[in-house]
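Engineer: Whatever this is, show me its structure:
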Amino acid sequence: MQQSGIEENKPGAKDEGSKGETSALNSKIQEGVNLYRMKDWDKALKEFLSLDKTEFSFDEKNEIAYYLGLCYTKLGQYDEALTYLEQVVTLGADILRVYQCRMTLAYIYVITKRVRMAEYELKRLQSSGMESPILYNTLAYAAWVQKQNKNAIELYEKTLEIDTDNATAMNCMGFILADSGMDIMRALRLCRRAVDFKPQNAAYLDSLGWAYYKSGEILEARTWLRRALDIAPDEKEIQRHFKIVSGDRK
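Structural biologist: Numbers count the residues shown, from 1 in each chain. Model prediction:
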């Protein structure tokens with residue numbers, strides 16, 4: 001089961017200083033932002049690192065730190081990402097920006113197996129009233145990593161109460177219900193719905209194939225897992241599932 005927890009937006013730099021100077025500084029920041037939006041994270045990172053921080057206002061420095069944190073996250077350099085994201089959380093006055101950084105921090109903590117720290121960040125958001133599907137999805141994922149299947153299911157249910165068409169929650173809950181044997185028929189319904197929303201998503205196809213396998217429908221399982229493998233041939237979990245369904249348990 002795969003899940004990403006990074007939530008992003010497209011902020012602009014703050015207007016401070018003289019009009020001409022601000023425009024020039026903003027254009028420097030904007031060049032890195034544009035590279036980030038183009039998903040050229042390595043170049044974006046180099047652009048932000050090359051900036052002379054002494055030229056910028058407090059808010060602009062915060063903006064740069066935010067994007068440095070996101071770039072490092074995208075590049076899988078999590079220790080560096082934590083430094084900048086925590087800086088934004090500590091100094092930032094923008095509630096939405098702090099929310100986004102806490103969500104990204106939680107994501108990093110989950111995938112680096114620091115699940116209790118992830119829960120801390122998420123529960124801080126929850127207690128402040130910042131509830132959202134991505135918050136509950138990430139909390140649920142953290143619970144699943146700790147093998148708390150019942151808790152994970154309850155949290156994915158909360159996601160679907162807010163967003164009835166949330167494919168991530170459908171897929172993840174369906175996978176857990178199938179993999180644990182808690183409710184195979186419901187697992188199949190949820191996984192089918194997730195695939196209907198995103199038919200080319202390899203993780204969703206994998207979950208549906210695994211649910212069919214758990215229900216005893218081996219031919220159907222092999223069909224869906226084959227499709228998942230065609231889309232994402234290097235994914236270890238999909239490879240493992242396909243081998244099991246094909247009778248090769250090595």
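Engineer: and after whichever strand or helix holds Leu135, which helix or strand comes next?
Structural biologist: Under the criterion of DSSP states H and E, Leu135 resides in helix 133-145. Following helix 133-145 in sequence order, the next helix or strand is helix 149-162 (DSSP H and E).
Engineer: and the protein, what are its domains?
Structural biologist: Residue ranges for the domains of the chain, per automatic domain parsing: 1-10+20-130, 156-250.
Engineer: Of all the helices and strands in this structure, which has the lowest average confidence?
Structural biologist: When the helices and strands of the chain are compared on mean pLDDT, DSSP states H and E, helix 19-37 comes out lowest with a mean of 73.
Engineer: Please name every helix or strand in contact with the following helix or strand past that one.
Structural biologist: Sequence-wise, the next helix or strand beyond helix 19-37 is helix 41-50, with elements assigned using DSSP H and E. Using 3 or more CB pairs under 8 Å, 6 or more residues apart in numbering; DSSP states H and E, the elements in contact with helix 41-50 are helix 19-37, helix 58-74. C-beta here means a position set from N, CA and C on the backbone, and glycine is covered the same way.
Engineer: got the angle between helix 41-50 and helix 58-74?
Structural biologist: Between helix 41-50 and helix 58-74, the angle formed by their directions is 150 degrees, by axes from the mean of the first three to the mean of the last three CA atoms, to 10 degrees.
Engineer: quick one: low-confidence ranges for this protein?
Structural biologist: Counting by pLDDT under 70, the chain shows low-confidence ranges at 1-25, 92-93, 249-250.
Engineer: again, only this time at 80
Structural biologist: Counting by pLDDT under 80, the ranges of the chain that qualify are 1-26, 92-94, 126-131, 248-250.
Engineer: Please identify which helix or strand holds the nearest residue to Ile244 once chain neighbours are set aside.
Structural biologist: For Ile244, the nearest residue in space outside its immediate sequence neighbours is Tyr213; the separation is 7.3 Å by CB to CB, 6 or more residues apart in numbering. Using DSSP H and E, the element containing Tyr213 is helix 202-215.
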